[in-house]
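**Q** The following block contains a protein sequence and its predicted model.
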Amino acid sequence: MDQDVQIKIRDRNGKLHEIAAPVDMALNLMEVVRLYELAPEGTIGICGGMAMCASCQCYVLTDHSLREMQDDEEAMLSEAFNVKPNSRLGCQIQITPEMEGLEIELAPEE
Amino acid sequence: MIETDILIIGAGPTGLFTVFEAGLLKMKCHLIDALPQAGGQCSEIYPKKPIYDIPAYPEILAGDLTDKLLEQCKQFEPGFTLGERAETIEKQTDGSFIVTTNKGTQHKAPVVAIAGGLGSFEPRKPQLDTIEYYEDKGVAYIIKDPEVYRDKKVVISGGGDSALDWSIFLSEVASEVTLIHRRNEFRGALDSVDKVQELKNNGKINIITPAEVTALFGKYQLEAIEVTKAGKTPVRIKTDHFIPLFGLSPKLGPIADWGLEIEKNAIKVNNALDYQTNIPGIFAVGDVNTYPGKLKLILCGFHEATLMCQAAYQIINPGKRYVLKYTTVSGIDGFDGTRKEAPKAVVKSIH
């Protein structure tokens, strides 16, 4: 049976949210942030999730092994601002059961 | 002064379809867009990506959708002010509006339809403290006139097509071109990447990777930049110009100051009736608006535009009654004199 995974997301104001992310809706991290309205509409997922903007950039704070970065994500991050070694684009990370306990922080708005 | 019936702000899919629906009601449209071409996000961000939820198109590329919408509204002869951003709006005593762009072009219309999507596309600026001070003093995000760079030292940063293409172009114009990118890999057309490699081999372009521009120097004018390679001591490079090319991103921009009710970075409209904003005569359709249950889908924008045109008709033709006509029955009379209509059945006796 499908279950939710518990994820911690620190928003751009520094507030920590513990949320339940469904694994059965083919959602990615950017969509989960929008689902729970953790960032204002129009400031996240601007390109719709095509790795063509960096509005869903986040920092991965735990050592979960996530989907490997593809070329388009890597290229976009190389032109993004506020990039750190643990930067990822939320739209490229599908929610999976292995993500239980994941903690991320949203990168500042550009 | 450009005068029209419906002034549409934003030439994306919703704006273009508004031209068609308005045309059926004999209303003329003019569109303003900050981008140099029509299509909005569809042509700027993802022209080569497929869309699967346009009714009757199992699959269509965003760029092709734009072409087809332009084709569909062509006979209604829309006017375009492209490459200019709608900046201010003033209500006139006769109830009409004057919208002025950042370049001073004025437009007058009794109805304004904001189909602005996520806003106007603006260059993404690197986060350097002093960068705004040097704008127009050596720093530019868009190359308007390449001659400005003749025999000058130029630093370009970015790793996409525009950074590659302009490095190639300016290598023939400038005295020195340096391309700085955060990675060793560039993302662009294979031809451009190969060409830059060749120019580098011939000493026509300096490439510094993986590196970032970390500071700008100069008293009255840009004189030098600081480049930092990961884990290394920053280096100063003398230059006359610095051109960061990091693409464009949409911002709601000046529309946010027009006195419209804004919620969730979008314009609140009355979705029970006609998608009018809190200012009578100004409508908002497509991704730029919000109401309970709003979905940012192209197909929803088409629907909103269609209903909005009915209300615009009442403003432009007060008291006139209107009855819905089907294009299949009545055909389409273009403003350019063309007529499209269903072929008539032949009535003839058979002996």
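**A** Done, it's in.
**Q** Do you have the strands of chain A handy? List them.
**A** When secondary structure is read from DSSP state E, chain A shows strands at A:4-10, A:16-22, A:57-60, A:87-89, A:103-106.
**Q** Helix or strand with the lowest mean pLDDT in chain A?
**A** Across the helices and strands of chain A, the lowest-confidence element by mean pLDDT, DSSP states H and E is helix A:71-78, at a mean of 88.
**Q** thinking again about what came up before, if we compare the strands of chain A, which one ends up closest to A:Pro97?
**A** Comparing the strands of chain A by their distance to A:Pro97 (Cβ to Cβ), the top pick is strand A:4-10, with 6.2 Å. All C-beta spots, glycine's among them, are computed from the backbone N, C-alpha and C.
**Q** by how many degrees do that closest one and strand A:16-22 diverge?
**A** Orientation of strand A:4-10 against strand A:16-22 (axes from the mean of the first three to the mean of the last three Cα atoms, to 10 degrees) gives an angle of 150 degrees.
**Q** partners of strand A:4-10, with directions?
**A** Applying DSSP bridges to the sheet, strand A:4-10 is found paired with strand A:16-22 (antiparallel), strand A:103-106 (parallel).
**Q** which residues are in contact with the last one?
**A** Identification of contacts with strand A:103-106 by Cβ atoms under 8 Å, 6 or more residues apart in numbering or on different chains yields A:7-12, A:29, A:33, A:38-39, A:44, A:57-62, A:88, A:90.
**Q** What are the contacting residues of the least confident helix or strand of chain A?
**A** Contacts made with helix A:71-78 from outside it, assessed by Cβ under 8 Å, 6+ apart, are listed as A:50-54, A:57, A:69, A:83, A:87-89, A:92, B:159-160, B:181-183, B:185, B:187.
**Q** Generate the PyMOL command that creates a selection of the buried members of these.
**A** In PyMOL, the members of the contacts of helix A:71-78 classed as buried (16 or more other Cβ atoms under 10 Å in any protein chain shown) are selected with the following command:
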select buried, (chain A and resi 50+51+52+53+54+57+69+83+87+88+89+92) or (chain B and resi 159+160+181+182+187)
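**Q** next one: phi and psi at B:Ala22?
**A** The main-chain torsion angles of B:Ala22 are listed as degrees, to the nearest 10 and equal phi -70, psi -40.
**Q** who's in contact with residue 33?
**A** In the absence of a named chain, chain A is used. By Cβ under 8 Å, 6+ apart, the contact set of A:Val33 is A:Ile9, A:Ala39, A:Ile44, A:Gly45, A:Cys56, A:Gly90, A:Leu106.
**Q** actually it's chain B I care about, not the one you picked
**A** When contacts are counted by Cβ under 8 Å, 6+ apart, B:Asp33 is found next to B:Ile9, B:Gly10, B:Ala11, B:Gly12, B:Gly15, B:Gly40, B:Phe80, B:Thr81, B:Leu82, B:Gly83, B:Glu84, B:Ser120.
**Q** most tightly surrounded among the strands paired with strand A:4-10?
**A** Most buried of the strands paired with strand A:4-10, by mean neighbour count (mean count of other Cβ atoms under 10 Å in any protein chain shown): strand A:103-106, with a mean of 20.
**Q** Now that one - C-alpha only, PDB.
**A** Backbone C-alpha positions of strand A:103-106 (Å, rounded to 0.1, in the frame of the first residue of the first chain) are rendered in PDB as follows:
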ATOM      1  CA  GLU A 103      15.400  17.500   5.000                       C
ATOM      2  CA  ILE A 104      15.700  20.300   2.500                       C
ATOM      3  CA  GLU A 105      16.000  24.100   2.600                       C
ATOM      4  CA  LEU A 106      14.600  26.300  -0.200                       C
END
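**Q** now the helix or strand of chain B at the bottom of the mean pLDDT ranking: how far from the chain's centre is it?
**A** One helix or strand of chain B scores below all others by mean pLDDT, DSSP H and E: strand B:248-251, with a mean of 85. For strand B:248-251, the gap between its own C-alpha mean and the chain's C-alpha mean amounts to 9 Å (Cα atoms, centre = their mean, to the nearest Å).
**Q** Check stretch B:67-75 too.
**A** For stretch B:67-75, the distance to the chain centre is 17 Å (Cα atoms, centre = their mean).
**Q** Same question for stretch A:28-40.
**A** Averaged over its C-alpha atoms, stretch A:28-40 has a centre that lies 8 Å from its chain's centre (Cα atoms, centre = their mean).
**Q** If you count neighbours, what's buried in it?
**A** In stretch A:28-40, the ones that count as buried by 16+ other Cβ under 10 Å are A:Asn28, A:Leu29, A:Met30, A:Glu31, A:Val32, A:Val33, A:Arg34, A:Leu38, A:Ala39.
**Q** can you check stretch B:131-139 too?
**A** By neighbour count with 16+ other Cβ under 10 Å, stretch B:131-139 contains the buried residues B:Ile131, B:Tyr134, B:Gly138, B:Val139.
**Q** so B:Gly83 makes contact with B:Ala38?
**A** No - proximity of B:Gly83 to B:Ala38 does not meet the contact threshold set by Cβ atoms under 8 Å, at 11.2 Å.
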